[in-house]
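1. what follows is a predicted protein model with its sequence.
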Amino acid sequence: MSASPASEGAGGSGVSGSPTTAPRADTPPASDRVRLRRKRERGSHERATIDAILDEALIAHLGIADEHGQPFVIPTLHARRGDVVYLHGSTASRTLRALAGGAPACLTVSLLDGLVLARAAMHHSANYRSAMLLGTARPVEAPAEKLSALQAIVEHIVPGRWAEARPPSEKELKATTVLALAIDEASAKVRSGPPLDDEPDYDLPVWAGVIPIASEAGEPQPDPRVAPGTPPSPSASGYRRAGRPRPRR
């Protein structure tokens with residue numbers, strides 16, 4: 001099994017011969033850097049597709065190369081607001097300092113929807129949705145935008161939570177770096193559907209199909225120091241993810 005390298009477009013996982021129901025991209029790529037070269041039938045440069053993946057994903061992976069050429073990839077929380085993705089972290093973060101200084105960035109998000117079991121070992125794959133952004137992040141310095149960006153990140157994680165929690169203090173804001181990465185150079189890849197085996201293999205007495213994979217929120221678990229009798233807040237008791245049905249209680 002072989003995976004497509006990241007340089008050949010976002011979300012290159014999957015093996016040769018796997019089908020997809022994702023439409024071929026109609027929107028041309030913003031640059032050659034995000035042009036889809038392998039598995040192009042799975043790809044898209046449509047903003048609606050890219051935005052939906054960014055909005056549903058909770059974890060993003062942020063990649064940079066430092067001044068010595070050493071690559072680093074860190075998991076981080078993010079939020080999209082309009083045409084930018086906001087990121088945040090400690091002012092002491094080496095990665096964020098490098099990005100604020102103009103280091104090129106690569107941001108990826110992935111959603112796993114299923115495991116694809118084929119009759120042949122080399123045709124096993126996964127159903128997924130992924131997006132990749134390239135660019136240079138800008139530091140968010142204006143107090144109003146910085147506060148708005150942090151609100152967007154909190155609301156992306158748990159909608160409605162910002163109004164329930166204490167807002168950031170001036171000290172906390174000074175200790176936090178916020179970056180904005182424009183959605184200018186971006187691509188997405190989507191794989192869905194059953195396995196695609198070689199024609200002779202369809203006669204093999206081997207089960208084939210898809211094992212669906214989904215993240216689901218459970219019952220809220222209170223902090224041990226929550227005052228007795230305090231019920232879960234509406235943001236916790238009614239929690240659901242974008243693109244996912246409300247979990248059963």
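-> Everything's here; your move.

2. for the record, mean pLDDT for the helix or strand harbouring residue 135?
-> Here residue 135, judged by DSSP states H and E, is contained in strand 125-136. Strand 125-136 carries an average pLDDT of 96.

3. close enough to count as contact, residue 202 and residue 119?
-> Yes: the pair residue 202 / residue 119 is scored as a contact, 7.0 Å apart, by C-beta atoms under 8 Å. To be clear about C-beta, it is placed using only N, CA and C from the backbone, and glycine gets the same treatment.

4. where are the low-confidence patches of this protein?
-> Residues of the chain meeting the criterion pLDDT under 70: 1-26, 28-43, 242-249.

5. out of residue 202 and residue 119, which sits in the busier spot?
-> residue 119 (18 against 10; other C-beta atoms under 10 Å).

6. on that earlier part again, can you spell out which helices and strands pack onto the strand holding residue 135?
-> Helices and strands touching strand 125-136, by 3 or more C-beta pairs under 8 Å, 6 or more residues apart in numbering; DSSP states H and E, are helix 47-56, strand 104-117, strand 176-182, strand 185-191.

7. check the offset of stretch 45-58 from the chain's centre.
-> Centroid displacement of stretch 45-58 relative to its chain, using C-alpha atoms, centre = their mean, to the nearest Å, is 8 Å.

8. if I look at residue 131, how far off is residue 125?
-> 19 Å (C-beta to C-beta, to the nearest Å).

9. could you do residue 134 as well?
-> Where residue 125 is concerned, residue 134 sits at a distance of 25 Å (C-beta to C-beta).

10. break down the chain into its strands, ranges please.
-> 43-44, 60-65, 71-76, 78-81, 84-90, 104-117, 125-136, 138-139, 176-182, 185-191, 209-212 (DSSP state E).

11. okay, the ones you listed in JSON lines with distance to residue 160 and mean neighbour count next?
-> Below are the strands of the chain laid out as JSON lines (distance: least, C-beta to C-beta, whole Å; neighbours: other C-beta atoms under 10 Å):
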{"stretch": "strand 43-44", "distance to residue 160": "31", "mean neighbour count": "27"}
{"stretch": "strand 60-65", "distance to residue 160": "22", "mean neighbour count": "19"}
{"stretch": "strand 71-76", "distance to residue 160": "22", "mean neighbour count": "13"}
{"stretch": "strand 78-81", "distance to residue 160": "14", "mean neighbour count": "21"}
{"stretch": "strand 84-90", "distance to residue 160": "18", "mean neighbour count": "22"}
{"stretch": "strand 104-117", "distance to residue 160": "22", "mean neighbour count": "19"}
{"stretch": "strand 125-136", "distance to residue 160": "25", "mean neighbour count": "23"}
{"stretch": "strand 138-139", "distance to residue 160": "28", "mean neighbour count": "15"}
{"stretch": "strand 176-182", "distance to residue 160": "21", "mean neighbour count": "21"}
{"stretch": "strand 185-191", "distance to residue 160": "28", "mean neighbour count": "26"}
{"stretch": "strand 209-212", "distance to residue 160": "28", "mean neighbour count": "12"}
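
12. please consider this matter closed, and thank you.
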